[in-house]
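In: structure of the sequence below:
(chains A, B, C and D)
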2 protein chains.
Amino acid sequence: MTLSDQTDSDLPAEATPTAIAGWVADVLRDRIVKGELAPGARLVERKISAELNLSRTPVREALKLLHNDGLIEISRNKGAMVTRYDAEGAMNLFEVIAGLESIAASRLARTIGEADLDELEELHDQMMVFHKIGNHADYFDTNSLIHDRIVALAGNPVISATHRRLIALARRGRYIAITDPARLTQSVDEHCRLMAALRARDEAAAAEVWRLHLLHTGESVAAVLGAEAAAAS
Amino acid sequence: MTLSDQTDSDLPAEATPTAIAGWVADVLRDRIVKGELAPGARLVERKISAELNLSRTPVREALKLLHNDGLIEISRNKGAMVTRYDAEGAMNLFEVIAGLESIAASRLARTIGEADLDELEELHDQMMVFHKIGNHADYFDTNSLIHDRIVALAGNPVISATHRRLIALARRGRYIAITDPARLTQSVDEHCRLMAALRARDEAAAAEVWRLHLLHTGESVAAVLGAEAAAAS
DNA sequence: GGCGGCAAGATGGCATCCCATATCGCAGCG
DNA sequence: CGCTGCGATATGGGATGCCATCTTGCCGCC
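Out: Numbering: from 1, shown residues only, chains lettered A, B, ... in the order given. Here you go, the predicted model:
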């Protein structure tokens, strides 16, 4: 392998415990999310450890991490397999994410302070700019950032942790970007309405608009996945 | 150690992959849930592996499992520590569980078939009997069973998986059993109302009563934890 | 007497070896 | 020609040893 001596150059200066395993998990997660590792692809401990110039131990831990993120299935003597992600799975996933973020939005409407609200407003405005100028990449990133901030600001660690886990699965759907202009407009509108509800400190409205927003997103992702499946068959 | 040669007698005839690690995790989880391992207690890999006559490898994996269940914190060079569980944590936890089970109840009201409804009815009736005769242990077990069945019957694997993870944390609160008669009555009433909503196929009612049911449970657990904390100080 | 530094022990992380078992191909028999 | 059984190989699981680092307590210096 020619790249053997180079790969460890961007090791993250191991600070936290099991940093290497986490790093390996990140690398593999990236490949899965970006589609380099297609659903059904096999991940063999020995192959990965050889490629990354590590022993099998951290790789093993990384695979466990990805497993309980739901990204891979591990079967004895067959290696890990990237789990399939279909329309139904997407709907199931977004149904739960909708529940979580809805709670978060509700809490936020009740408890958010001016400073945090301003921060959200700013992110929102940024996103609107990216939307207007048609910068989809930054639009999506800012969008994700807003969702993450909403969850974080809600101040319930259980929500944050659960959300982080599920969103890793959903991000996979993010790369089959929703380019349908109608949905895009609707999504932006829902974002605006959430901001309005937060400003008005209207718990119920915030929860409901955000719940629907995520269900709609789920439907869009499911639609794309369903179309893909139909085309493949 | 005198028990060294005996412990492996009830090894679970390793069928599934990493069965041993799972078994170790179960053992430790039990101890934590039952309070044998108090919050703040230290779990040292070498100690556990010696006690259970195993190598450190499966123990380590077990600790990782408990960690991402949120039951323990792992710090380098200090061993794992049982996480603390306070009133605020309980509320945060039950807030999310409420969200999940509420979705499940809603789905159930929409999609449940007669056979499944009958099964739930039977469990419910059993629970009512245990309640009437004052058999608290079986009452609680049947109660838990009902909650689990509701989640399972909803048919969303993401909900099931997430719920399983969180409920492991909440079970810890179960052992500080709610003996307040008023709350017990209220809880039973809420169970009855859920059954009524399911029979009526009333999604909204099912979701709402179940959400409140779990929030109330969370409040009760939090109250007990708060009282404990106050007494301890 | 208090405080800072140093040394020994404790502890988890990583590497490596061995093992049990599932998989897959091939050969030999029917 | 097809099916069965065996063996080689692949692969994950477990055990063990070494290492880096954190903790802790003690000793000496101020």
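In: and the strands in chain A?
Out: Assigned strands in chain A, in chain order: A:42-43, A:72-75, A:79-82 (criterion: DSSP state E).
In: does A:Arg42 really touch A:Ile74, like I thought?
Out: No. Using CB atoms under 8 Å, A:Arg42 makes no contact with A:Ile74, being 10.8 Å away. Placement of C-beta: from N, CA and C, glycine included.
In: overlap in contacts of the two?
Out: Residues touching both A:Arg42 and A:Ile74 by CB atoms under 8 Å, 6 or more residues apart in numbering or on different chains: A:Ala80.
In: more neighbours: which of these two?
Out: A:Ile74 (17 against 13; other CB atoms under 10 Å in any protein chain shown).
In: who's in contact with that one?
Out: Neighbours of A:Ile74 in contact, by CB under 8 Å, 6+ apart: A:63-64, A:67, A:80, B:17.
In: tell me the least confident of these?
Out: Lowest pLDDT among those: B:Pro17, with 59.
In: count of residues packed around the residue in chain A that DNA strand D sits nearest to?
Out: Relative to DNA strand D, the nearest point of chain A is A:Gly79 (2.8 Å; CB to the nearest atom of the strand). By the criterion of other CB under 10 Å, A:Gly79 has 18 neighbours.
In: my guess is A:His213 meets A:Cys192, correct?
Out: No. Contact criterion CB under 8 Å: A:His213 and A:Cys192 do not qualify, at 10.6 Å.
In: specify which member of the contacts of A:Ile74 is nearest to DNA strand C.
Out: Distances from DNA strand C to the contacts of A:Ile74, taken as CB to the nearest atom of the strand, are shortest for B:Pro17 (9.1 Å).
In: which residues of chain A fall in helices?
Out: Here chain A has its helices, by DSSP state H, at A:4-7, A:19-33, A:45-51, A:56-68, A:87-111, A:114-132, A:136-154, A:157-174, A:181-199, A:203-232.
In: in terms of neighbours, single out the busier of A:His213 and A:Cys192.
Out: With neighbours defined as other CB under 10 Å, A:His213 and A:Cys192 compare such that A:His213 has more, 22 against 13.
In: neighbours of the nearest residue to that one once chain neighbours are set aside, how many?
Out: Distance criterion CB to CB, 6 or more residues apart in numbering or on different chains; nearest residue to A:His213, sequence neighbours excluded, is A:Glu190 at 4.0 Å. Residues near A:Glu190, counting by other CB under 10 Å, number 17.
In: quick one, what contacts A:Glu190?
Out: A:Glu190 makes contacts with A:209-210, A:212-213, A:216, as judged by CB under 8 Å, 6+ apart.
In: select from these the one having the most neighbours.
Out: For the contacts of A:Glu190, the largest neighbour count, defined by other CB under 10 Å, is 28 neighbours, found at A:Trp210.
In: does it touch A:Ile103 like I think?
Out: No. The criterion here is CB under 8 Å, and A:Trp210 misses it with A:Ile103 at 9.3 Å.
In: domain parsing for chain A?
Out: In the domain annotation for chain A, the residue ranges read A:4-82, A:87-232 (automatic domain parsing).
In: which of the ones you listed sits most buried?
Out: domain A:87-232 (a mean of 18; mean count of other CB atoms under 10 Å in any protein chain shown).
In: returning to that earlier point: adding distance to DNA strand D and pLDDT, write the contacts of A:Glu190 out as JSON lines.
Out: Output for the contacts of A:Glu190, formatted as JSON lines (distance: CB to the nearest atom of the strand, whole Å; pLDDT from 0 to 100):
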{"residue": "A:Val209", "distance to DNA strand D": "44", "pLDDT": "98"}
{"residue": "A:Trp210", "distance to DNA strand D": "39", "pLDDT": "98"}
{"residue": "A:Leu212", "distance to DNA strand D": "41", "pLDDT": "97"}
{"residue": "A:His213", "distance to DNA strand D": "39", "pLDDT": "97"}
{"residue": "A:His216", "distance to DNA strand D": "38", "pLDDT": "95"}
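In: from chain B, how far out is the residue nearest to A:His213?
Out: A:Glu190 sits at a distance of 19 Å from chain B (criterion: CB to the nearest CB, to the nearest Å).
In: also A:Val224?
Out: For A:Val224 relative to chain B (CB to the nearest CB), the value is 19 Å.
In: check what pLDDT that residue gets.
Out: Listed pLDDT for A:Val224 reads 88.
In: remind me which residues of chain A are low pLDDT?
Out: Within chain A, the segments meeting pLDDT under 70 span A:1-17, A:176-177, A:232-233.
In: which positions in it make contact with DNA strand D?
Out: Within chain A, the positions near DNA strand D by CB under 7 Å from any atom of the strand are A:42-47, A:56-57, A:60, A:74-80.
In: how about a cut-off of 6 Å?
Out: Proximity of chain A to DNA strand D, by CB under 6 Å from any atom of the strand, involves residues A:44-46, A:60, A:74, A:76-80.
In: show me which of these is closest to B:His163.
Out: Nearest to B:His163 out of the residues of chain A next to DNA strand D is A:Ile74 (CB to CB; 21.8 Å).
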